[in-house]
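Asker: Any chance you can model this:
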Amino acid sequence: MQFLTLLAAASALLTSTNALFIPRNAHVADFRLYSAEGCHDGNLGVWTVIDDDFANGECKGLNGAEPLSLSLTDINNGCTFTAYTDDKCTAGETNLATGQCFNSADGWKAWSMKCD
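Answerer: Just a heads-up that it's a prediction; the model follows:
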């Protein structure tokens with residue numbers, strides 16, 4: 001009986017140890033969206049970008065949101081974040097820097113990132 005208890009305990013330890021090594025997605029950037037210009041009123045929340053969310057230079061839509069201002073709250077070293085005023089990433093190209101507010105009276109509609 002003690003052997004079975006010991007075997008069960010060893011099995012539980014091995015399975016819980018393997019769970020610790022599940023690969024996790026890497027955080028790349030966060031940006032906040034606002035429904036009004038000025039990055040103060042109409043907080044629409046934070047968009048967190050992880051490594052599987054994009055390919056370098058890929059145009060990504062904002063899922064129907066059209067914020068009038070964006071604020072890049074953080075970004076990994078070696079990465080750049082660009083916002084666009086159209087959903088094809090061809091108009092209003094603006095490179096965002098952390099800690100600044102970026103307004104668009106036409107609304108932001110897409111974004112892209114590039115990382116070294």
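
Asker: Flag the shaky bits of this protein, pLDDT-wise.
Answerer: Counting by pLDDT under 70, the chain contains low-confidence residues at 1-21.

Asker: Now do the helices in it.
Answerer: For the chain, the helices defined by DSSP state H cover 2-19.

Asker: Tell me which residue is most central in it.
Answerer: residue 49 (1.3 Å; Cα atoms, centre = their mean).

Asker: That one contacts residue 58, doesn't it?
Answerer: No - look at residue 49 against residue 58 with Cβ atoms under 8 Å: they stay out of range, at 11.4 Å. C-beta here means a position set from N, CA and C on the backbone, and glycine is covered the same way.

Asker: what about residue 76, how many neighbours?
Answerer: Neighbour count of residue 76, defined by other Cβ atoms under 10 Å: 14.

Asker: Please list all residues in contact with it.
Answerer: Contact analysis of residue 76 by Cβ atoms under 8 Å, 6 or more residues apart in numbering lists 27, 28, 29, 115.

Asker: Need the residues you listed in a markdown table (columns: neighbour count).
Answerer: Listed next are those as a markdown table, based on neighbours: other Cβ atoms under 10 Å:
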| residue | neighbour count |
| --- | --- |
| 27 | 13 |
| 28 | 19 |
| 29 | 23 |
| 115 | 15 |
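
Asker: now, the most widely separated pair of those?
Answerer: Pairwise distances across those (Cβ to Cβ) peak at 12.1 Å, for the pair 27 and 115.

Asker: coming back round to it: return the residues in contact with the residue nearest to the centre of the chain.
Answerer: Contacts here follow Cβ under 8 Å, 6+ apart; on that basis residue 49 touches 27, 28, 29, 30, 31, 113.

Asker: again, only this time at 10 Å
Answerer: 25-31, 60, 74-76, 79, 81, 111, 113 (Cβ atoms under 10 Å, 6 or more residues apart in numbering).
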